[in-house]
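Q: My questions are about this predicted structure, shown below with the sequence.
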Amino acid sequence: MTPIYIEYNFKVTPLQPGTEILIAELGYAGFESFVETSEGVKAYIQKGDWRESILDEIQILKSDEFQITFKKKEIEQVNWNAEWEKNFDPILVDDTCVVRAPFHDPFQVTYEIVIEPKMSFGTGHHETTYMMLQYILENEFEGKRVLDMGCGTSVLAILAEMRGAIDLDAIDIDEWCVENSIENCSRNDCQNITVLKGGAEVIPKKKYDTIIANINRNILLNDLETYVSVLKKGGELYLSGFYAEDLDLMKDACNKLGLKFVDNKLKNNWIATKFVN
């Protein structure tokens, strides 16, 4: 059954950093996809997750520094390919990896990932996905068993396989993401990725060399113990989806589970970080 979505079309003045802050706050509130426009952003949330008071949590709407108006409507089905074709530009990461759609011209880089993002997170446009792609490029994945939690488009798992990972599980709770991930894995000729629907409860009972989790602070904190239980001794855990002010909280939670902090990346107040078991 096609999920019903609520669309909010926000007009934001000044556009930046207003749009960026708004997207971050909406993501925390439960909105799951965004299309930036020339005037602001369109934000989408499944009707079942929506509530009348959902915008009460969005602090930027109460700020005197920004003027934000919006229109809301219910939609059942959208031609997401057409939406993304209008708004989705290729993303080049460190001159080594590009994330592009099928309608873009090919790039002459080492790793070229072709995705149809549709309603899924993980195009590389968001700071957290970009930084996680950087981590995958910088670290060793040859012959490794990898878990990608909150996989979105599975762009991280796809790059990990391109970097030599031989057994990968990509998990997301959203049906759109699962379907899109399967399509994207096929489109990029991936042979070693299994896509699963659910949360931490569906993680297979095996040990991973590397776990990638790009979700949000609360889910990460809730599921950390489960991640550690399936991470090999000496294995690497990459976390993102939280702000710079949450880094100490995340470090403390990881340290209590025996994880050692290695380093972190920072981009527009978003954090990605590496721990070792």
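A: Thanks, I have it. Predicted model, so just to flag it, every value in this text is computed and none were measured.

Q: switch to C-alpha atoms for all contacts and neighbour counts from now on
A: OK.

Q: Which residue ranges of the stretch 1-150 of the chain form strands?
A: Applying DSSP state E, counting those that start in this stretch to the stretch 1-150 of the chain gives strands spanning 5-13, 33-36, 40-46, 67-75, 91-93, 97-100, 111-114, 145-149.

Q: ranking the ones you listed by burial, who's on top?
A: Neighbour counts (mean count of other Cα atoms under 10 Å) averaged over each of the strands of the stretch 1-150 of the chain peak at strand 145-149, with a mean of 27.

Q: next SSE after that one?
A: Using DSSP states H and E, the next helix or strand after strand 145-149 towards the C-terminus is helix 155-162.

Q: centre of the chain versus whichever helix or strand comes after that next one, how much separation?
A: Using DSSP H and E, the helix or strand that follows helix 155-162 towards the C-terminus is strand 167-172. How far strand 167-172 lies from its chain's middle: 14 Å, per Cα atoms, centre = their mean, to the nearest Å.

Q: Next: stretch 105-118.
A: 17 Å.

Q: Rounded mean pLDDT for that stretch, please.
A: Computed over stretch 105-118, the mean pLDDT rounds to 88.

Q: Not counting its own residues, what contacts it?
A: For stretch 105-118, contacts defined as Cα atoms under 8 Å, 6 or more residues apart in numbering pick out 80-81, 84, 95-102, 123, 153, 155, 158-159, 162, 180, 184, 187-188.

Q: where among the strands of the stretch 1-150 of the chain is the average confidence lowest?
A: Mean pLDDT per stretch puts strand 33-36 lowest among the strands of the stretch 1-150 of the chain, at a mean of 78.

Q: now for that one, which elements pack on it?
A: Secondary-structure packing of strand 33-36 (3 or more Cα pairs under 8 Å, 6 or more residues apart in numbering; DSSP states H and E): strand 40-46, helix 80-87.

Q: by contact count, what packs against the shortest one?
A: What it means is strand 40-46. Strand 40-46 is packed against strand 5-13, helix 15-29, strand 33-36, with contacts defined by 3+ Cα pairs under 8 Å, 6+ apart.

Q: any chance of these in a markdown table, plus distance to L196?
A: Output for the helices and strands packed on strand 40-46, formatted as a markdown table (distance: least, Cα to Cα, whole Å):
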| stretch | distance to L196 |
| --- | --- |
| strand 5-13 | 23 |
| helix 15-29 | 22 |
| strand 33-36 | 20 |
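
Q: which one of those lies closest to K205?
A: helix 15-29 (29.7 Å; Cα to Cα).

Q: okay, the angle between that closest one and strand 5-13?
A: With axes from the mean of the first three to the mean of the last three Cα atoms, to 10 degrees as the basis, helix 15-29 and strand 5-13 are set at 150 degrees to each other.

Q: for helix 15-29, packing partners?
A: Secondary-structure packing of helix 15-29 (3+ Cα pairs under 8 Å, 6+ apart): strand 40-46.

Q: how close does V178 sit to L92?
A: 24 Å (Cα to Cα, to the nearest Å).

Q: make that I212, sorry
A: For I212, the distance to L92 - Cα to Cα - is 20 Å.

Q: do the same with A160
A: From A160 to L92 the distance is 16 Å (Cα to Cα).

Q: same question, G150
A: Applying Cα to Cα to G150 and L92 gives a distance of 22 Å.

Q: what do you get for D189?
A: 20 Å.

Q: Equivalent analysis for I4, please.
A: Here the distance between I4 and L92 works out to 33 Å (Cα to Cα).

Q: Ok, L133 next?
A: As judged by Cα to Cα, L133 and L92 stand 10 Å apart.

Q: Please apply the same query to Y227.
A: 30 Å.

Q: Could you spell out the sheet neighbours of the longest strand anywhere in the chain, each with its direction?
A: Counting by DSSP state E, the longest strand found in the chain is strand 231-243. According to DSSP bridges, strand 231-243 forms sheet pairs with strand 208-214 (parallel), strand 270-276 (antiparallel).

Q: Tell me which of those strands is the most buried.
A: Burial of these is given as mean neighbour count (mean count of other Cα under 10 Å); strand 208-214 ranks first at a mean of 24.

Q: What lies in contact with that strand?
A: Contacts with strand 208-214, where a contact means Cα under 8 Å, 6+ apart, come from 128-129, 132, 144-151, 220, 227, 230-232, 234-241.

Q: Tell me who's in contact with A29.
A: Shown in contact with A29 (Cα under 8 Å, 6+ apart): I54, E57, I58.
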